[in-house]
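> let me see the structure of the following:
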Amino acid sequence: MVESVSSGKPAKASDDELAQEAGCRPTFYMSTELLAEISAQCEAEGSKKRSPFLVELLELVLTSPIGQQLRENAHKNRRGLVHELEANLLLFNEHIPTDRIEELAAASQRNPDQMLIRLVLLGLRVYERSIARMEAEIDTSSGLT
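From the prediction side, this is the model:
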């Protein structure tokens, strides 16, 4: 242990430990509530330094192509990244019946995220076919006139 220069007492952490710890900390502003939630998540996951969930979430938002798209949309919509992410999440929460999706997922032995993807792809297929059918009907009816 290193002694503190001013008091002669042992320091709580060495300079190397402080440098390593500082490298793990985010350098942007966080509210006390957010810091408390991060701490709680880290403890729930059994790691006192970092939460794998939070690391993945930050990586998604900051470095992934999806994060890049969110940043571009935020800039285009003149919103902050947090507000853009919130708007995207609210879209799903308000308009998608998650309870029904979970029921369908359980019935088809899929995860809810797999079920949601399946439903979206199925919906697109049905939508495209119905548009093609409507256009064909318009073409045939305009040919009669």
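> leaving out sequence neighbours, find the closest residue to R110.
R118 (6.9 Å; Cβ to Cβ, 6 or more residues apart in numbering). In this view, the C-beta of every residue, glycine as well, is placed from N, C-alpha and C.
> how many neighbours does that neighbour have?
By other Cβ atoms under 10 Å, 15 other residues sit near R118.
> and it, backbone torsions?
The phi/psi pair for R118 (degrees, to the nearest 10) reads phi -60, psi -40.
> so for the chain, the centremost residue is which one?
With distances taken as Cα atoms, centre = their mean, the residue of the chain nearest its centroid is L57 (5.7 Å).
> for it, what is the enclosing helix or strand?
Using DSSP states H and E, the element containing L57 is helix 52-63.
> pull out the buried residues from that helix.
Across helix 52-63, burial judged by 16 or more other Cβ atoms under 10 Å covers 54, 61.
> could you pull up the mean pLDDT of it?
Mean per-residue pLDDT for helix 52-63: 78.
> which residues touch that helix?
Outside helix 52-63, the residues within contact range by Cβ atoms under 8 Å, 6 or more residues apart in numbering are 26, 38, 41-42, 45, 66-67, 70, 81, 85.
> in PyMOL, how would I select just the buried ones from these?
In PyMOL syntax, the buried subset of the contacts of helix 52-63 is picked out as below (16+ other Cβ under 10 Å):
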select buried, resi 38+41+42+67+70+85
